[in-house]
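> I'd like to go over a predicted model; first the sequence, then the structure.
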Amino acid sequence: MKKKFGLQPRAEQTIVQVFLYFLTSVAVLVLFFILAVILKNGLPQLSLEFLTKNPAHMGREGGIFSTVVATIYLTFIALLVATPLGVGTAIYLTEYTFEGTVTRIIRFGAECLAGIPSIIFGLFGFILFVNKLKFGWSILSGGLTLAFMVLPTIIRTSEEAIKSVPAAYRLVSYSLGSTRWQTVTKVVLPSAAPGIVTGVILSIGRSIGETAAVIFTAGSALHLPSSIFSSARTMSVHFYILAREGISMPKAYGTAAVLVIAILLINIITYYLMGKYISRSSRS
Amino acid sequence: MARPKSGGDRLIRLSLLLIALSAISVLAIITIFIFEQGLPIMAKYGLKNFLLGQDWFPSEKSFGLLPMIVGSLLVTLGALVIGVPLGLASAIFMTEFSNRRLSGFLKPVIELLAGIPSVVYGFLGLMFLVPFIRKNFGGPGLSVLAASIILGIMILPTIISIAIDAIRAVPDSYREGSIALGATRWQTVRMVVLPAARSGLVAGIILGMGRAIGETMAVIMVAGNAADLPGSLLAPVRTLTSNIALEMAYASGEHRQALFATGVILFVIIMILNFLANLAAKKQFRK
C-alpha cells in the first residue's frame, strides 16, 4: 500500500480528519453567514406594511405587495403547465414503455434542458412569447418560460419517485385484475407522491428565486398586475433592481429577507410533509 | 410479465407519449429559436471574428466575443477551484467521519441553503466581498476573483448534496470488507468508497460547473463587466451570460442579433461540457 507522506495510516487519518473538519466548517459557516446577514439586516425592515403596500418612488418607499402578487402568479402558471407535462413524462418513461431509443432520446432531452442556463430561457421566451406570439412582457410569457425551465426538475424527481415504488406493488395490483392505468393512478402515484411533491416544491423555489429568465419575459413594471397579460415585477427582479441600481439598500435587504424566508419555509414544509407521509405509509 | 390491455389503455399510452415528447420538443424549439436569431449575423461577419475578435463595440459593428468567452471559462474554473475541494471535503466528512446526528442536521440545512436565490449571493458579494478585495488586494474589487468566490460558494450546496448521495449509495459491505482487511477508515474512503462513488461525484461537479457557467445575475453584480480580456485575477471581467443580460434591454437590430449569437456560443459550450461530462461519468461507470 502506498503511504502518503510516509505517515502511519492512523496518523494520516487523524490529519485528514482534522483537515476535512476544517473545510466542512468553512463551507457551513459561509453558508450560515449568508443567511445570518440577510436576516439581520432584512428582518428589521419587515412589517405588515412592507408586505401589504405597493412600492412607491421606484421602490425607494412603500412595500413590496405588487411584487409578491406577481411572484405568486408567475409561479402558479409555471407549475400549472410544468407539473402535468413532467409527471406525465415520468409515468410514460417508467410505466408505459421499455428502455429503448425513445426513452433514451427523451431522457437526453430532459438532461440537456436541465443544463441550459436561465438567461438562454430568457432569450428564448423573449423571442417566442414576447415577440412572435405577441404576449408582450407579461405574466403569461414569464410563467411559460419558467414552466419550460423547471420541466426537467419535475421529470427527474418524479421518475426517481416512481422508480422507487417496489415492483411487488404493481404485481399485486395486476394480479387483482387492474389495468395498467388503474395501477398507475391507484397504486404507483400515491406511493410516489412524496417524491413528486418534492420535485414540485423544488420547482416553486426555483421559480421564486429566478431573475434572468423572468426579467426579459415578464418585464419589470411595478404596478399591481391586473391580468395574465400585464407586465409584472417579481420579488427577485425587484430585489435585483433595488440592489444593482442602488435605489435603496434597506428595502433591498427587506425584499431579500422575504425571498429567503419564503423559500426556506417552502423547503421546511416539504421536509415536514415528507416525514409525515413516510411515517404514515410505513405504519400502515 | 403479462399486462392487461384495452383500447383505453392504448389511448392513454399515446397521450403519455405525446406528453413525454414535450421535453425534447422544448429543447428543439429553444435551439431553433436561438440559432435562428444568432446564426445569420455570425455568418455575415464570420465565425472567426466572433470567436477570436477582442473588440466588442456593437455600435461600430464590431462583435468580438473572445473576452467574454475567456471570462466565462475563467470564472467557472475559479468557482471549481473553490467549490470542489470544500464541497467534496464536506460531503466526505458528513458521510464518513461525523456522527449521525451532526450529519442528519447538516444535510437538510445545506439542502435548504441550495434554495437561496442567486441574486442574493450576488448582492452579498457586492456588499462584503467586493469592498474586502478592494481594500486588501487592490484593484476595483469587482473582479475575476470576486466572481469566482461567489460562484464557488453558490455551487457548494449542489456539489455537497449530490456527493453525499453518491457516497451513501456505496454499499456498506464494501466498507466492511475494507475495514476487515485492516484498512483505516480514511484508507477505506480513499481506496474503496471514493472510487466506487466516482461517477456520482463527477456528476455533482459537472452540475456545479453548469450552474457556474450559466449563472448571470450574481456574476453581473460582482464581476465589473468590462468587455476586455482580464489581465489579472483582480481585473474586472464580463461573462457571456452577463453580456446578454446587460445589453438585452436596449439592444436592437444587429446588436440584438449579436446577443443571440452570444447565446449560441454559450449554448454550444454548455452542450460540449455536458457531453464530455456524460462521457466521463459513463466511462467510469463501465469500469
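Great, that's in hand.
> ok and the residue in the stretch 51-200 of chain B nearest chain A?
Residue nearest to chain A within the stretch 51-200 of chain B: residue B:117 (2.9 Å; Cβ to the nearest Cβ). Bear in mind the C-beta positions are built from the backbone N, C-alpha and C, glycine included.
> Burial check on that residue, number of neighbours?
24 (other Cβ atoms under 10 Å in any protein chain shown).
> Can you tell me the closest non-neighbouring residue to it?
The shortest distance from residue B:117 to any non-neighbouring residue, by Cβ to Cβ, 6 or more residues apart in numbering or on different chains, is to residue A:209 (2.9 Å).
> Residue A:123 too?
Counting by Cβ to Cβ, 6+ apart, the residue nearest residue A:123 is residue B:263, at 5.0 Å.
> secondary structure element for that neighbour?
Using DSSP states H and E, residue B:263 falls within helix B:253-286.
> How about the contacts made by the residue nearest to residue B:117?
A:236, A:259, A:263, B:115, B:116, B:117, B:118, B:119, B:120 (Cβ atoms under 8 Å, 6 or more residues apart in numbering or on different chains).
> wait, is residue A:171 part of a helix?
Yes. Applying DSSP: H, G, I helix; E, B strand; the rest coil, one finds residue A:171 inside a helix.
> any idea how far it lies from chain B?
From residue A:171 over to chain B the distance is 8 Å, taken as Cβ to the nearest Cβ, to the nearest Å.
> What is the neighbour count of residue B:233?
So residue B:233, with other Cβ under 10 Å, has 17 neighbours.
> got a list of what it touches?
Residues in contact with residue B:233, defined by Cβ under 8 Å, 6+ apart, are B:78, B:143, B:144, B:145, B:148.
> Can you list the low-confidence ranges for chain B?
Applying pLDDT under 70 to chain B flags the ranges B:1-6, B:280-287.
> if you go through the chain in chain order, where are the strands?
Here I'm looking at chain A. For chain A, applying DSSP state E gives strands covering A:55-56, A:61-62.
> you looked at the wrong chain, it should be chain B
Secondary structure of chain B (DSSP E): strands at B:56-57, B:62-63.
> List the contacts of the first one.
Contacts to strand B:56-57, defined as Cβ under 8 Å, 6+ apart, come from residues B:62, B:63, B:64, B:65, B:67, B:68, B:227, B:243.
> starting at the chain centroid, how far to that strand?
Put simply, strand B:56-57 sits 27 Å off its chain's centre (Cα atoms, centre = their mean, to the nearest Å).
> Likewise for the last one?
In terms of Cα atoms, centre = their mean, the centre of strand B:62-63 is set 27 Å apart from its chain centre.
> same question, stretch B:103-117
19 Å.
> returning to what we had before: give the other helices and strands that the helix holding residue B:263 contacts.
helix A:101-115, helix A:118-125, helix B:22-45, helix B:47-52, helix B:66-92, helix B:194-214, helix B:240-247 (3 or more Cβ pairs under 8 Å, 6 or more residues apart in numbering or on different chains; DSSP states H and E).
> Can I have the buried ones of the contacts of strand B:56-57 as a PyMOL selection?
In PyMOL, a selection of the buried entries from those looks like this (16 or more other Cβ atoms under 10 Å in any protein chain shown):
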select buried, chain B and resi 63+64+65+67+68+227+243
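> The nearest residue to residue A:10 once chain neighbours are set aside: what's it in contact with?
Once flanking residues are discounted, residue A:10 sits nearest to residue B:184: 6.1 Å by Cβ to Cβ, 6+ apart. Contact analysis of residue B:184 by Cβ under 8 Å, 6+ apart lists A:9, A:10, A:12, A:13.
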